[in-house]
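Q: need a structure here:
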Amino acid sequence: MDLLDIIKIPNQFLEQYATFRGLRFIIGVYLIVLLLNILILLYNLIIKKHYWWDFQFGRTMPKIRGIMNKRWKDVVEIFQRQKTERYKTAVVEARNIVFDAFKTIGYPGDSLAEQLRLMIGYQISNPEQVKEANQVAENIINDANYKLEESVAREAVMAFGEALKEVEAIGEVGL
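A: Below is the predicted model:
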């Protein structure tokens, strides 16, 4: 009796039971689906070159994180120097950084308000605060006489900073 005959004996025994035939069918379907998923992943990685950055390094902001960190430090510096006349500039610049970060990630929209409206679910943890901060920035842009208090400016910039940190556009909020 050779090895092949020894393997056939349990197989013949298990063939008698429908449960094992069904289990073998389910495992076969699972393996086919798994193989198709691997082929699709390889196609996207090698041929279409989608997801290569995410696959290799994780979901981060490629190359522009340093630029956004520099821009963000300029915004934080205004608050550290307590230049109240520049708070409006800080809020608008923070809004622009968030818009650029979301655009880089691939969120659709021609404005931050549109991007926030088109976001699916809660892709950031503070969408309402970011919407309110965006409204403050819009008020600053549209009304030259808009009175901005330091506390409101600080809250708006903090909301923008938390959103930027969540999408990994900056390292620390630092405010």
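Q: Is V92 in a helix, a strand, or coil?
A: helix (DSSP: H, G, I helix; E, B strand; the rest coil).
Q: List the residues that contact it.
A: Counting by Cβ atoms under 8 Å, 6 or more residues apart in numbering, V92 makes contact with 137, 140-141. All C-beta spots, glycine's among them, are computed from the backbone N, C-alpha and C.
Q: ranking those by neighbours, who comes first?
A: For those, the largest number of neighbours (other Cβ atoms under 10 Å) sits with A137, at 25 neighbours.
Q: do you know how far that one is from L39?
A: Distance, A137 to L39, by Cβ to Cβ, to the nearest Å: 47 Å.
Q: Out of the contacts of V92, the closest to D100 would be?
A: Among the contacts of V92, A137 lies closest to D100 (Cβ to Cβ), at 13.6 Å.
Q: helix or strand right after the helix or strand bottoming out on mean pLDDT in the chain?
A: Lowest mean confidence among the helices and strands of the chain (mean pLDDT, DSSP states H and E): helix 52-57, at a mean of 54. Later in the chain than helix 52-57, the nearest helix or strand by DSSP states H and E is helix 65-80.
Q: buried residues in that following helix?
A: Neighbour-count burial for helix 65-80 flags 65, 68-69, 71-72, 75-76, 78-79 (criterion: 16 or more other Cβ atoms under 10 Å).
Q: can you list contacts of that helix?
A: Contacting residues not belonging to helix 65-80 are listed as 61, 86-87, 89-90, 93-94, 97, 100-101, 153-154, 157, 161, 164, 168-171, 173-175 [Cβ under 8 Å, 6+ apart].
Q: Show the buried residues in those residues.
A: 61, 86-87, 90, 93-94, 97, 100-101, 153, 157, 161, 164, 169-170, 173, 175.
Q: who touches the longest helix seen in the chain?
A: Using DSSP state H to define each element, the chain has its longest helix at helix 18-42. Outside of helix 18-42, the residues that reach it under the criterion Cβ under 8 Å, 6+ apart are 14-15.
Q: I appreciate the help and will end here.
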